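Asks: next comes the sequence, and after it the predicted model I'd like to discuss.
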Amino acid sequence: MKKLFFAALPFLIISCSEKSSEEDSNSNKTSFSQNFTVAITDTIMVDAGEEIIYMASQFRITDISDDRKWYYNYNEKENSIEVIHLDEAKLERKIHFEKEGPNGTGNVGYIDFAGPELLLINGNRLVQVFNSNGKKLKHLRLDNEHLEGDSLVDGEYVSLIGALSDDGQFYYSTYMKDFGEPLGIAIVDLTNQTLTKRPIEGIDAIKAFQIKYENGLEKMVISPSFYFSKKGNQVLMSNSVINELFVYDISKDETRHFTYESTFLKNKNAEPSRNEVNSQKELTVLFQKHRNKISLQQLIPDPTNKRYYRISSGENKGGNQNSKILTVFDEQFQQVFETDEIDYKGYMGACFVKEDKIYILENIEDELAFVIMEIKEI
């Protein structure tokens, strides 16, 4: 299963009391080899029957099946996953999980369906694999005490946003430093309990956009959004402030780096004047100054047409801060089209592609709906 892709603010606010990757940089120009039309065509309400679909997880803990038949939504109140049949636009069933005990999920921060019978439920520095009946098959704490192989050093940790291999033996993610600074690929063998790190040169460039405040007792960091997804044998990584993409090929054990040029948006957000401030007030002022510049989003796969879409927003080159941009990429991650003719003024949150259409999740009077954006090649 593929993780549902979602739009986010350009920055995340976080607070708390071997073989090198190969980089093959490619640059796309702004001449387009294909042309598309984009239009909002429908809004579909989901029939929940006598139930109420939990909306608080709408943009956080969700997933979509590979065949695009099922949408999964985590219900924090019930510790369940709501399974929605997309063709019928109805709540089909709920998968209930125990909170504590041998099959307990603990606090859930992330879900990912690796297949009909394999489900990843992560939280509290734990990678956990369940079957569809709620039985826990594997669990592993991601620290040096429980992992052999490569060590985590100098504040490093393995992200809980990741994906399973089809057989459930390997967990793929990124290893990061401090708060939101990616360093490379993390490959965790859940059976042998080993960690393999694959550093990626240049992937930590977003650290230049971080703003930090620390007073000895408290540390706050504003960091750009970092995106991770797995499609087949490829891991896709990007961020919200630089128009680029890193693709790690699992079978070849190498990384390619793509840089792009946008016709409408600036290709890089402005770096903050300072990376460290002396008060929360200064941190807030700098955040407000940069948050509305550009927000580049994650690539959304279109498995039918073997291409990718990206919906972005922010300040365009003419100074308009409310622009929405659709970019189309081919199967080789080359940019083939871009348009700012998006006839939709709402928040473009969680999105996925089904049958040449982008489904945009919408909360309409506390009920789940999908706004349908149809894309046609002409």
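Replies: Structure received.
Asks: pLDDT below threshold where in this protein?
Replies: Within the chain, the segments meeting pLDDT under 70 span 1-31, 57-60, 292, 349.
Asks: now do the strands in the stretch 1-150 of the chain.
Replies: With DSSP state E, counting those that start in this stretch as the criterion, the stretch 1-150 of the chain has strands at 2-3, 11-16, 25-27, 36-45, 62-64, 70-75, 80-85, 90-96, 110-115, 118-122, 126-130, 136-141, 148-149.
Asks: residue 70 contacts residue 85, doesn't it?
Replies: Yes: judged on CB atoms under 8 Å, residue 70 makes contact with residue 85 at a distance of 6.6 Å. For glycine as for every other residue, the C-beta is placed from the backbone atoms N, C-alpha and C.
Asks: turn the strands of the stretch 1-150 of the chain into JSON lines, columns for mean neighbour count and distance to residue 264.
Replies: Listed next are those as JSON lines, based on neighbours: other CB atoms under 10 Å; distance: least, CB to CB, whole Å:
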{"stretch": "strand 2-3", "mean neighbour count": "22", "distance to residue 264": "27"}
{"stretch": "strand 11-16", "mean neighbour count": "15", "distance to residue 264": "21"}
{"stretch": "strand 25-27", "mean neighbour count": "12", "distance to residue 264": "17"}
{"stretch": "strand 36-45", "mean neighbour count": "14", "distance to residue 264": "13"}
{"stretch": "strand 62-64", "mean neighbour count": "23", "distance to residue 264": "28"}
{"stretch": "strand 70-75", "mean neighbour count": "23", "distance to residue 264": "30"}
{"stretch": "strand 80-85", "mean neighbour count": "21", "distance to residue 264": "34"}
{"stretch": "strand 90-96", "mean neighbour count": "15", "distance to residue 264": "38"}
{"stretch": "strand 110-115", "mean neighbour count": "21", "distance to residue 264": "32"}
{"stretch": "strand 118-122", "mean neighbour count": "24", "distance to residue 264": "36"}
{"stretch": "strand 126-130", "mean neighbour count": "21", "distance to residue 264": "39"}
{"stretch": "strand 136-141", "mean neighbour count": "16", "distance to residue 264": "44"}
{"stretch": "strand 148-149", "mean neighbour count": "13", "distance to residue 264": "45"}
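Asks: so which of the ones you listed comes closest to residue 307?
Replies: strand 36-45 (10.0 Å; CB to CB).
Asks: elements contacting that closest one?
Replies: strand 335-339, strand 357-364, strand 367-377 (3 or more CB pairs under 8 Å, 6 or more residues apart in numbering; DSSP states H and E).
Asks: can you mark which positions in the first one are buried?
Replies: If I follow you right, that is strand 335-339. Applying a neighbour-count criterion of 16 or more other CB atoms under 10 Å, the buried positions in strand 335-339 are 335, 336, 337, 338, 339.
Asks: closest to residue 307 out of the residues you listed?
Replies: Of all those, residue 336 has the smallest distance to residue 307: 7.6 Å, by CB to CB.
Asks: tell me the contacts of the residue lying closest to that closest one once chain neighbours are set aside?
Replies: Distances taken as CB to CB, 6 or more residues apart in numbering put residue 34 closest to residue 336, at 4.5 Å, once the chain neighbours are dropped. Residues in contact with residue 34 (CB atoms under 8 Å, 6 or more residues apart in numbering) are 328, 336, 337, 377.
Asks: report the central residue of this protein.
Replies: By CA atoms, centre = their mean, the chain has its centre lying nearest to residue 227, at 4.3 Å.
Asks: so that one makes contact with residue 238?
Replies: Yes: if you go by CB under 8 Å, residue 227 and residue 238 touch, sitting 5.0 Å apart.
Asks: common neighbours of these two, please.
Replies: Listed as contacting both residue 227 and residue 238 by CB under 8 Å, 6+ apart are residue 298.
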